[in-house]
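Undergrad: Have a look at this prediction, sequence included:
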Amino acid sequence: MNEVRGEAAAPQPGPFADPGLYAEITQFYAWHMALMDEGEPDAWADAYTEDAVFEEPGRTDALHGREAIRASITKRATELAEAGTVMRHWTSNLAVTPQPDGSLRAQYYSLAMRAPRGQRPDIFAHVVCRDVLVREGDRWLIRHRHIGIDALEH
């Protein structure tokens, strides 16, 4: 497959991550998405490298660096809290492909749901996410994230 906007290209078929690594990355994403959903923007931003790149629909320029990502997510979390809006992210179809340099390419689908507190959620967006993960010490960090609206991605 061709690269999509820089480093976060779609994973190639195999070699896939071994089951232990796959479980570790699955847990990483469950933790990471819960931080966003629970309004923890600082901890969520800390899961990115200092020089991370973040690309998402509706943004003409990518965010560069952990602190730019932190500022953006903090603003979004504040806006959601002030509006009384609850967000939830459901991820699935995770594919993890180890790279020769030790990084991982991960691709997954995510349903973003939102609702005013106390009401039923609706699906806000269905996106395809492509990340490059790197290990720093004993944890994985996101070096590059590309989010695309699934039907518009191709």
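TA: That came in fine, so what should we check first?

Undergrad: what's the helix or strand for residue 118?
TA: Using DSSP states H and E, residue 118 falls within no helix or strand.

Undergrad: Can you give me the neighbour number for it?
TA: If you count neighbours by other CB atoms under 10 Å, residue 118 ends up with 7. Yep, even glycine has a C-beta here, placed from its N, CA and C like the rest.

Undergrad: can you start the count at 20 instead of 1 from here on
TA: Sounds good: first residue 20 from here, last item residue 137.

Undergrad: all helices of this protein, in order?
TA: 38-56, 60-64, 85-102 (DSSP state H).

Undergrad: In a markdown table: those, plus mean neighbour count, mean pLDDT and distance to residue 140.
TA: Listed next are the helices of the chain as a markdown table, based on neighbours: other CB atoms under 10 Å; pLDDT from 0 to 100; distance: least, CB to CB, whole Å:
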| stretch | mean neighbour count | mean pLDDT | distance to residue 140 |
| --- | --- | --- | --- |
| helix 38-56 | 16 | 94 | 11 |
| helix 60-64 | 17 | 95 | 20 |
| helix 85-102 | 15 | 93 | 13 |
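
Undergrad: got a pLDDT number for residue 23?
TA: Listed pLDDT for residue 23 reads 43.

Undergrad: ditto for the one 3 residues further on
TA: As predicted, residue 26 sits at a pLDDT of 57.

Undergrad: before we move on, what about residue 172?
TA: Model confidence at residue 172, given as pLDDT, is 53.

Undergrad: one step back: for residue 154, which of the helices of the chain is the nearest?
TA: Closest to residue 154 of the helices of the chain is helix 38-56 (CB to CB; 10.2 Å).

Undergrad: outside of that closest one, which residues touch it?
TA: If you take CB atoms under 8 Å, 6 or more residues apart in numbering as the criterion, helix 38-56 is touched by 35-36, 60, 62-63, 66, 92, 96, 105-108, 110, 113, 115, 117, 123, 125, 127, 129, 152, 159, 161.

Undergrad: on that earlier part again, quick one: which of the helices of the chain is nearest residue 146?
TA: helix 38-56 (12.0 Å).
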